[in-house]
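1. Model the structure of this input:
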Amino acid sequence: MKKKSPPKSLKKKILIFMILCWGVPVTVFFAFTTLSYHQEIVEKAEGLMEDELHNIASFASIRIGDAIAICQRPSYEKTWENAWKNYENGSNDRNEYLQEVNTSLKGKFYQDERFNMYAYYCYGSENPDCFSSRTGISYHSYLEEIQPGVEDVIAMDSSYAYVRVTEGRMFIIRNLYTTVDYVRFGTLVVELNKYKVFQDVPLVCYGIYFLRRHIQAPIGQIMQASKRMEAGEMGVTVEGEMPNSEFQYMKESFDSMSGQVRCLFEYAYFYIMSMRFGQRLRIEQEIDEELRYLMVPPLILQPLVENAVVHGVEVMANGLIRLKVYHDREHVYLEVRNTGKEMTEEAKKKIEAILEGTEAQIPKEPGRHTSIGIQNVNRRIRLMYGEEYGLTIVQEADFETVSKITIPYEKRQEEKSAKERNQVEEELKNIARLNK
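-> Numbering: from 1, shown residues only. I've put the predicted structure just below:
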């Protein structure tokens with residue numbers, strides 16, 4: 001008759017039930033909703049910005065077209081053409097000709113807020129014969145700053161209206177010809193009032209800035225944290241401040257859920273260890289609440305806990321593992337303490353060699369890979385934060401082994417670049433392959 005196996009622990013079933021019914025669905029649901037809403041909001045925001053920019057371009061194009069039409073109108077009205085013909089046939093002298101043109105120019109351009117300045121050249125003149133400005137630019141300044149940028153158009157044999165930007169100012173230049181026999185008699189240069197032409201741009205630019213800062217940027221921050229969690233990094237928090245209360249609430253909710261998921265899985269790991277060893281193992285945690293959401297490199301505590309189990313609990317009838325996380329003004333300390341037997345001098349030298357990377361001189365123990373884990377932890381900490389940080393393993397007077405990780409309390413400015421970190425990870429993988 002087969003012996004019945006003892007019933008499984010209710011605590012273990014409850015823990016598995018909690019993970020399956022709470023942790024996993026919440027994580028999947030949050031990741032799904034974040035991805036879905038992010039894509040939808042980004043697409044709508046980009047669509048709105050594209051539409052607004054298209055509208056701005058259309059409005060500006062229409063206003064520039066209207067200004068060009070105003071510059072072309074005198075040719076069809078023949079006011080300037082007739083004044084020039086009267087001057088050419090001797091009916092009027094040059095002053096009367098220019099006075100008649102200047103009067104027309106003032107009525108069309110000086111009193112119109114869409115224009116800042118006008119200049120009229122008689123054909124063959126090197127400098128303007130009629131000039132006026134609403135913005136205070138002098139005739140001399142025009143000759144030095146503006147005229148060099150429009151001379152090439154004045155020299156053309158073309159009646160097209162050209163738009164030219166010079167010294168941050170927008171001008172329309174048009175050579176004038178008679179309507180019947182196409183004889184050139186002058187050139188018109190006018191400056192557009194860019195604040196009138198582009199008067200809607202500041203508002204739309206603010207709208208684009210608003211959408212980017214208050215919607216796209218915070219969604220991007222939450223998405224980055226979601227991707228890191230999806231990649232298996234527990235305890236991820238959303239970096240940076242949120243620009244409004246709504247996204248701040250989402251950030252706090254995400255950080256809280258992330259911390260709870262991390263604590264759940266940490267509890268599960270320690271619980272599995274306690275179930276494995278039963279009454280032989282007691283686990284205690286002393287964690288500063290201020291450091292609950294501290295960002296640390298992933299998988300730096302698990303090798304220390306495994307090391308404590310292998311060298312502390314397995315060789316003793318009863319064991320204690322204590323996890324302690326605390327800080328002072330400059331440093332954060334992550335300690336894993338375990339009871340065990342007294343270390344021999346040989347064991348101490350071996351630990352020192354492992355941490356310093358000179359363990360190749362020490363014979364390997366078949367089936368033991370803990371040395372790779374603690375060595376990788378030490379190297380990763382030093383490469384990320386500097387040689388003054390890292391892992392130390394010592395045994396105190398009561399035979400309690402203390403594995404302590406020391407990292408800076410604030411993020412260092414000279415943190416290694418992403419490229420260097422990738423090189424470090426590749427190097428650590430190579431070390432792991434060599435130690436297999």
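
2. host element of the nearest residue to Thr79 once chain neighbours are set aside?
-> Nearest residue to Thr79, sequence neighbours excluded (C-beta to C-beta, 6 or more residues apart in numbering): Ser104, at 5.3 Å. For every residue, glycine as well, the C-beta is placed using N, CA and C. According to DSSP states H and E, Ser104 maps onto helix 94-105.

3. Show the average pLDDT along that helix.
-> Taken as a whole, helix 94-105 carries a mean pLDDT of 90.

4. same deal with stretch 128-135?
-> 90.

5. what's it in contact with?
-> For stretch 128-135, the surrounding residues in contact (C-beta atoms under 8 Å, 6 or more residues apart in numbering) are 98, 101-102, 105-106, 109-110, 115-122, 139, 142, 189, 191.

6. care to break this protein down by domain?
-> 9-77+200-252, 80-197, 288-436 (automatic domain parsing).

7. ranking those domains by mean pLDDT, which is last?
-> Going by mean pLDDT, the lowest-scoring of the domains of the chain is domain 9-77+200-252, which has a mean of 67.

8. Which residue ranges of this protein form strands?
-> Secondary structure of the chain (DSSP state E): strands located at 115-122, 130-133, 161-166, 169-177, 184-192, 281-287, 319-327, 331-338, 390-395, 401-408.

9. so what strands line up beside the shortest one?
-> By that I understand strand 130-133. If you go by DSSP bridges, strand 130-133 pairs up with strand 115-122 (antiparallel).

10. Next, the angle strand 169-177 makes with the strand it pairs with.
-> Orientation of strand 115-122 against strand 169-177 (axes from the mean of the first three to the mean of the last three C-alpha atoms, to 10 degrees) gives an angle of 30 degrees.

11. Just the C-alphas of strand 115-122, formatted as PDB.
-> Extracted C-alpha coordinates of strand 115-122, given in PDB (Å, rounded to 0.1, in the frame of the first residue of the first chain):
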ATOM      1  CA  PHE A 115       4.000  96.700 -44.400                       C
ATOM      2  CA  ASN A 116       6.900  98.300 -42.600                       C
ATOM      3  CA  MET A 117       8.700 100.000 -45.400                       C
ATOM      4  CA  TYR A 118       8.800 100.800 -49.000                       C
ATOM      5  CA  ALA A 119      11.500 101.800 -51.500                       C
ATOM      6  CA  TYR A 120      11.000 102.800 -55.100                       C
ATOM      7  CA  TYR A 121      13.800 102.900 -57.700                       C
ATOM      8  CA  CYS A 122      13.500 104.600 -61.100                       C
END
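
12. So which of the strands of the chain is nearest Asp93?
-> Closest to Asp93 of those is strand 115-122 (C-beta to C-beta; 12.9 Å).
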